[in-house]
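Asker: okay, sequence plus prediction incoming.
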Number of protein chains: 2
Amino acid sequence: MGLTSWPQKVVLVEVGPRDGLQMEGTFVSTQDKIKLIRYLADAGLPVIQATAFVHPRKVPQMADAEELLAGLGSLPGTLLSALTLNQKGVERACRCKLDIIEVSISASDTHGIRNAGMDFRQALARLDSMVRTAIDCGRRVQASLQCTFGCVYDGPVAIKRVIEAVKAMVDAGADGITLADTTGMADPLQIKKVLEMVLKITGSIPLTLHLHDTRGLGMVNLLAGLEMGLTRFDTAFGGLGGCPFVPGAAGNVPTEDVVNFLSRLGIETGIDVRKVAQCTGRMAGILGHLPQGRLWRVLVPPMKS
Amino acid sequence: MGLTSWPQKVVLVEVGPRDGLQMEGTFVSTQDKIKLIRYLADAGLPVIQATAFVHPRKVPQMADAEELLAGLGSLPGTLLSALTLNQKGVERACRCKLDIIEVSISASDTHGIRNAGMDFRQALARLDSMVRTAIDCGRRVQASLQCTFGCVYDGPVAIKRVIEAVKAMVDAGADGITLADTTGMADPLQIKKVLEMVLKITGSIPLTLHLHDTRGLGMVNLLAGLEMGLTRFDTAFGGLGGCPFVPGAAGNVPTEDVVNFLSRLGIETGIDVRKVAQCTGRMAGILGHLPQGRLWRVLVPPMKS
């Protein structure tokens, strides 16, 4: 019958300030980003991905990474992370106040080249050095694999490639591993099939799922992850997000919607769903459009335009 | 582990022309509605809810019910249905060319009064006569229960009330029964709990789920229904829809997204997902906004506004 056994507690990693904002045409001021992240921390998010160390011409929204982290200060009870795609990004991250450095490569050649200028082999060859650099500067390392479940350019991703990447992440000494459905192409059967193989390799290293709702399957895929025993998921307030190099990309599973869903299943997150929804409502005003998430519209009804 | 056994084929009932359009501020011309329904029939939808016989002042979009059905003619391979909320509606429906009359009452007193001027008891008392009238004019009868899983006004709905309504529907001779999550308040555990009890009463009478995505749980609730053996679901192209008397209501689970999901699970629907997405893209132009469904944006990328 499914739905019968799952963890009592789940950790949600808020990626809205990074994955969410990077897709927005309107530049959100550093001060507004700082307010946003403080607000999310106050709502109880235990981990927040604040920014990315990427090329400012490629992702202008993340151009203020250093300034943002300097301005944030410490947030009691919340770990801050940032995304990096190459050695230079890791080195920039190491010079900032940060708890976790996410070192990310793509399982897809074309996506990897567009996103980071490297195909899978090239990125994999650099992974070890990126992870070591982050560890050497005393940070926790979250290694992540983009396009794990398929790519809009290259089609299906061979499970062999996923296994190879995860093994390299384990060998490099990553503290955590994220499998990302960057293109929203996963389905619950595939999630379970991939997790079954990957969980044998990761052992005690916690595995996180990062799910985009591009085809409306974000929540069923999250459920599949839960049923496989996962206890960590990336989510974004308001369901913001996407990838600038994935055509038609939709946002991540919305933090508010996931908190409510988990709570209905009797699973605790420690997150105040109403505060997250208020945060989404506030950002809707700044961004000038209504985020795609559902629950915030019920809790904080937007003005009709 | 869940997700291991489900039907090979599923019937989707397209409610977009009724539930979808009734929420739209822009009046869609009768000619455009006829084109829309023909297009959906051509996409392979086996049942289409074309309109509702309700008061034109309450739901102006449905004011052309008679004209629409007269203009539609017959659609080979597709059954046409219409929604009714009272005796007068059933009698209007009986004078039109229609295969199925949906006779609908609400499990919630306040919602029922706002939607149809009757609380649960009053509506239940009239159900038998409505069903008989529809049967006597030679139509199939689909009896439906709105707010089965909770109400924004009255809160939780007692399972006793659901059982009582379903028993009355069976006794009245309904050919099919629909449980509607009008307010999008259901969760998968509740769906399974309610279905477990209701399926004992309905026996061989097919049960349909009607799911709104108001809190982002439409698809996980559909999966819960599948896992309980259901083979019929209401869906709406583009995820349009809502109830004019449910504040903050979001649309139904999107037809395209559900067809794709089921196909990924190896379940056939006989529906051409691309044609449905094209239909949504076309209606987006007529309605002047982007429907909330996900997949159509991938298959028929909307113009940026």
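Answerer: Received the coordinates, thanks.
Asker: sec struct for A:Gln278, please.
Answerer: Following DSSP: H, G, I helix; E, B strand; the rest coil, we place A:Gln278 in the helix state.
Asker: ok, and the closest non-adjacent residue to it?
Answerer: Nearest residue to A:Gln278, sequence neighbours excluded (C-beta to C-beta, 6 or more residues apart in numbering or on different chains): A:Val300, at 5.6 Å. In this view, the C-beta of every residue, glycine as well, is placed from N, C-alpha and C.
Asker: for the helix of greatest length in chain A, packing partners?
Answerer: Across chain A, the longest stretch assigned as helix under DSSP state H is helix A:120-136. Contacts defined by 3 or more C-beta pairs under 8 Å, 6 or more residues apart in numbering or on different chains; DSSP states H and E place helix A:120-136 against helix A:87-94, strand A:100-106, helix A:109-116, strand A:140-146, helix A:159-172.
Asker: which parts of the stretch 101-250 of chain A sit against chain B?
Answerer: Within the stretch 101-250 of chain A, the positions lying close to chain B (C-beta under 8 Å from any C-beta of the partner chain) are A:184, A:187-190, A:192, A:213-217, A:219-220, A:223-224, A:227-228, A:239, A:247-248, A:250.
Asker: please enumerate the strands of the stretch 151-300 of chain A.
Answerer: Secondary structure of the stretch 151-300 of chain A (DSSP state E, counting those that start in this stretch): strands at A:176-181, A:207-211, A:232-235.
Asker: possible to save the ones you listed as TSV with mean pLDDT and mean neighbour count?
Answerer: Listed next are those as TSV, based on pLDDT from 0 to 100; neighbours: other C-beta atoms under 10 Å in any protein chain shown:
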stretch	mean pLDDT	mean neighbour count
strand A:176-181	98	25
strand A:207-211	98	25
strand A:232-235	98	27
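Asker: dump the ones you listed to JSON lines, plus distance to B:Ile37.
Answerer: Output for the strands of the stretch 151-300 of chain A, formatted as JSON lines (distance: least, C-beta to C-beta, whole Å):
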{"stretch": "strand A:176-181", "distance to B:Ile37": "35"}
{"stretch": "strand A:207-211", "distance to B:Ile37": "35"}
{"stretch": "strand A:232-235", "distance to B:Ile37": "38"}
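Asker: quick one: closest of these to A:Arg18.
Answerer: When these are compared by C-beta to C-beta, strand A:232-235 sits nearest A:Arg18, at 9.8 Å.
Asker: doesn't A:Pro17 make contact with A:Gly241?
Answerer: No - applying C-beta atoms under 8 Å, one finds A:Gly241 not in contact with A:Pro17, separated by 10.3 Å.
Asker: residues contacting the residue nearest to A:Asp64 when sequence neighbours are not counted?
Answerer: Excluding its sequence neighbours, the residue lying closest to A:Asp64 (C-beta to C-beta, 6+ apart) is A:Thr30, at 4.6 Å. Counting by C-beta atoms under 8 Å, 6 or more residues apart in numbering or on different chains, A:Thr30 touches A:64, A:67-68, A:71.
Asker: thought A:Ile100 was touching A:Gly138?
Answerer: No - the pair A:Ile100 / A:Gly138 is not scored as a contact, 11.3 Å apart, by C-beta under 8 Å.
Asker: neighbour count for the two, which is higher?
Answerer: Higher neighbour count among A:Ile100 and A:Gly138: A:Ile100, with 22 against 8, using other C-beta atoms under 10 Å in any protein chain shown.
Asker: so what's the residue count around A:Gly288?
Answerer: A:Gly288 has 10 neighbours, counted by other C-beta under 10 Å.
Asker: let me know the pLDDT of it.
Answerer: With respect to pLDDT, A:Gly288 scores 89.
Asker: what's the separation between it and chain B?
Answerer: Using C-beta to the nearest C-beta, to the nearest Å, A:Gly288 is found at 11 Å from chain B.
Asker: ditto for A:Lys35
Answerer: Look at A:Lys35 and chain B: by C-beta to the nearest C-beta, they are 25 Å apart.
Asker: what's the helix or strand for that residue?
Answerer: Following DSSP states H and E, one finds A:Lys35 within helix A:30-42.
Asker: can you point out the buried residues in that helix?
Answerer: Neighbour counts over helix A:30-42 (16 or more other C-beta atoms under 10 Å in any protein chain shown) mark A:30, A:33-37, A:39-41 as buried.
Asker: between these, which is closest to A:Thr208?
Answerer: Taking C-beta to C-beta as the measure, A:Thr208 sits nearest to A:Leu40 out of these, at 17.4 Å.
Asker: right, and the closest one touches A:Thr235 too?
Answerer: No - between A:Leu40 and A:Thr235 there is no contact under C-beta under 8 Å: 10.8 Å.
Asker: common neighbours of the two, please.
Answerer: Joint contacts of A:Leu40 and A:Thr235 (C-beta under 8 Å, 6+ apart) are A:14, A:16.
Asker: now stretch A:55-73: buried residues?
Answerer: A:55, A:58-59, A:61-66, A:68-69, A:72.
Asker: pLDDT weak spots in the stretch 51-200 of chain A?
Answerer: Applying pLDDT under 70 to the stretch 51-200 of chain A flags no residue at all.
Asker: what's the nearest residue to A:Val11 if we skip its chain neighbours?
Answerer: Excluding its sequence neighbours, the residue lying closest to A:Val11 (C-beta to C-beta, 6+ apart) is A:Arg232, at 4.8 Å.
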